[in-house]
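[1] pasted the sequence and its predicted model underneath.
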Amino acid sequence: MRRLKVLGLLATALVVAAGLTPAVAAPSRVTNGALIPWTACEDPGLRDAGAQCALLPVPLDYAEPDGAKIKIAVSRIKHTVPDAQSQGVMLINPGGPGASGLGLSTWGQLVPNGAGGYYDWIGFDPRGVGSSQPSLTCDPNYFDFNRPTYIPVLESTRRQWLARSKAYADACRANGPILSHMTTIENAKDMDSIRIALGVTQINYYGFSYGTYLGQVYSTLFPSHVRRMVLDSNVDPRNVFYQANLNQDVAFDRTLKIWFGWLAKYDDVYHLGQTEKAVETLFYKIEAKLTFHPADGKIGGDEWVDIFLQTGYKQAAWTILGDAFARYAHSNDVANLENLFLAIDGLGNDNFFAVYSAVQCADVQWPQQWSTWAHDNWATFAQAPFETWGNAWYNAPCLYWPAPAHTPLNIDGSKVTSALLIDQTLDAPTPFEGSLEVRKRYPHSSLIALPGGTTHGSSLSGDACLDDQVAAYLANGTLPPRLPGNGPDTTCAPLPQPVPDPALSRLGRRGPAVGR
């Protein structure tokens, strides 16, 4: 799935919610992790937070456990409660695939009422990611400016994108043998290697976005090794990964229209149109203009789409993106768009995309005939034009991937004794239907839904109703009572849509706003 990232989360301290406590295994007591060579962390933030870091050798190929090794970067912040009250280790993954999780050992402090203090929080970079060794890269400047337009109306555009996608896949060969061992199953086995090295019989797990799928795979392979599990914004295990991207296209388009309506509501600030349709017309008019005449020779239609794709991830980003839209529409502020694009996609480091491709292309066989991609994406584009073709080309290296594809695991959570599921009903990167499907497969789980919410990965972000229930679950295993049927088990209101600063109204008709 395209850029399944979880952005910054905020802490809050609130009252623990009440509920029913399921029967769960007693916590695994943490040993000193003698099999992991802990040292001081190089990252200043981790070091200041009191974390320890290490590189853990694991098999490159689990079929040959005594063969070649790679190293997984791990970090740890130990529990703050007395040792007798410790509830074990909490592994955490932010998604992607390809996102670094090494810094997430600090996230225990985000859980209300000190409930995170019961655990040793274990951050880690999955194989190929970030500080793990080796760290994958294929073409560091693949997302440079001046790419072909996403929408392949012309045959020449189609040929250019297919050639670029093949060149990227071919460049990835230089990573060597690890490219054939990048599946989610192997990442799950790495998690179990971390468990063994920590000296515990069970882990607790917190996963966001793609991290939910990693949790699904781990708990299917090792159900007896799972104590408690929080899965926020669930990947639908029925659709990995080709169909998931097509579903995602429709959901992103829906969220973009919601954002257009929000901009129209605040037309006195942004001056982009008084109706959703008026804002939409202007948005696509600018995209078309930039496609033929890139601003500053850099910001074309592709970059415009990439920047505003973020509307579907975090509702809190709507004001920043509204600012950027208005500053360009009224004052041709290209520099601000360039800064946003660089912050989102970056240049000179493709580690995220290299790992993303390596996992998604190898986890499952993607269609090998371009005619299938063309038919499905044009059909989706007809109802969801915003990012359909951008998403298609983002995944097109899978047409040429140099490592073998595998058969995805049949996700079975029937033996998992406890899981808390979370999702907003208008989640774009991982549509809500995925959480309903995971709930069916995990009969001892409960699902908290946030009706009408569009934010992806919303827990530990300051929503009292939601975060209190996460804290209760981590503290004592409390789950919302499971209801009959196939819907959520309880609901929380999502955080309200942001309200822009009225002072920004000057950026509409009277020149550019002051830079941020």
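    Received the coordinates, thanks. Since the structure is predicted, the reported quantities are computational estimates derived from the model, not experimental observations.
[2] quick one: low-confidence parts of this protein?
    Across the chain, the ranges flagged by pLDDT under 70 are 1-34, 504-516.
[3] just the strands in it please.
    Applying DSSP state E to the chain gives strands spanning 39-40, 52-59, 69-77, 89-93, 120-125, 203-208, 226-232, 419-424, 445-450, 490-491.
[4] contacts for the longest one next, please.
    To tie it back to what came earlier, the one meant is strand 69-77. With contact meaning C-beta atoms under 8 Å, 6 or more residues apart in numbering, strand 69-77 is reached by 33, 36, 38, 41, 46, 49-60, 102-103, 105-106, 108, 120-127, 130-134, 178, 190, 193-194. Glycine gets a C-beta too; all of them are placed from N, C-alpha and C.
[5] and it with strand 120-125, angle?
    Strand 69-77 and strand 120-125 are oriented at 140 degrees to each other (axes from the mean of the first three to the mean of the last three C-alpha atoms, to 10 degrees).
[6] buried stuff in the longest helix along the chain?
    Using DSSP state H, we find that the single longest helix of the chain is helix 242-265. With burial defined by 16 or more other C-beta atoms under 10 Å, the residues of helix 242-265 counted as buried are 242, 244-260, 262-265.
[7] quick one: stretch 384-396 to chain centroid distance?
    Computed by C-alpha atoms, centre = their mean, to the nearest Å, the chain-centroid distance of stretch 384-396 equals 17 Å.
[8] also stretch 104-122?
    Distance, centroid of stretch 104-122 to centroid of chain: 20 Å (C-alpha atoms, centre = their mean).
[9] how long is that stretch end to end?
    Start-to-end span of stretch 104-122 (C-alpha to C-alpha, to the nearest Å) is 7 Å.
[10] show the contacting residues for Trp262.
    Residues near Trp262 by C-beta under 8 Å, 6+ apart: 318, 322, 497.
[11] now do it against Leu102, distance only.
    Between Trp262 and Leu102 the distance is 35 Å, computed by C-beta to C-beta, to the nearest Å.
[12] neighbours of Leu420, how many?
    Leu420: 26 surrounding residues under other C-beta atoms under 10 Å.
[13] please shift the residue numbers so they start at 222 in all later answers.
    Will do, 222 is the new start, and the previous item becomes Leu641.
[14] if I look at the closest residue to Asp566 other than its chain neighbours, how far off is Gly567?
    Sequence neighbours aside, Phe364 is the residue nearest to Asp566 in space, at 4.4 Å (criterion: C-beta to C-beta, 6 or more residues apart in numbering). According to C-beta to C-beta, Phe364 stands 7 Å off from Gly567.
[15] Ala418 too?
    In terms of C-beta to C-beta, Ala418 sits 32 Å off from Gly567.
[16] go on, Val585?
    As judged by C-beta to C-beta, Val585 and Gly567 stand 27 Å apart.
[17] who has more neighbours out of the two?
    Per other C-beta under 10 Å, whichever of Val585 and Gly567 has more neighbours is Val585, with 18 against 14.
[18] can I assume the more buried one is in contact with Val461?
    Yes. Here Val585 reaches Val461: they are 5.6 Å apart, a contact under C-beta atoms under 8 Å.
[19] what residues are shared contacts of those two?
    Counting by C-beta under 8 Å, 6+ apart, the contacts common to Val585 and Val461 are Pro629.
[20] now the contacts of Trp483 as JSON lines including distance to Ser552 and neighbour count?
    Converted to JSON lines, the contacts of Trp483 look like this (distance: C-beta to C-beta, whole Å; neighbours: other C-beta atoms under 10 Å):
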{"residue": "Trp539", "distance to Ser552": "20", "neighbour count": "20"}
{"residue": "Gly543", "distance to Ser552": "14", "neighbour count": "24"}
{"residue": "Gln718", "distance to Ser552": "25", "neighbour count": "18"}
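[21] who's in contact with the closest residue to Phe546 other than its chain neighbours?
    Nearest residue to Phe546, sequence neighbours excluded (C-beta to C-beta, 6+ apart): Leu493, at 6.3 Å. For Leu493, the contacting residues are 484-485, 499-500, 503, 543, 546-547, 550, 729, by C-beta under 8 Å, 6+ apart.
[22] Ala509 now?
    Ala509 touches Gly522, counting by C-beta under 8 Å, 6+ apart.
[23] relative to Phe602, how far out is it?
    Here Ala509 is placed at a distance of 15 Å from Phe602 (C-beta to C-beta).
[24] count of neighbours near Leu620?
    Using other C-beta under 10 Å, Leu620 is surrounded by 17 other residues.
[25] thought it was touching Ala595?
    No. Leu620 lies out of contact with Ala595 (C-beta under 8 Å); the separation is 11.4 Å.
[26] do me a favour and get the end-to-end distance for stretch 688-705?
    For stretch 688-705, the first-to-last residue distance is 24 Å (C-alpha to C-alpha).
[27] chain center to that stretch, what's the gap?
    Taking mean C-alpha positions (C-alpha atoms, centre = their mean), stretch 688-705 and its chain are 23 Å apart.
[28] again with stretch 561-573
    The answer for stretch 561-573 is 15 Å, by C-alpha atoms, centre = their mean.
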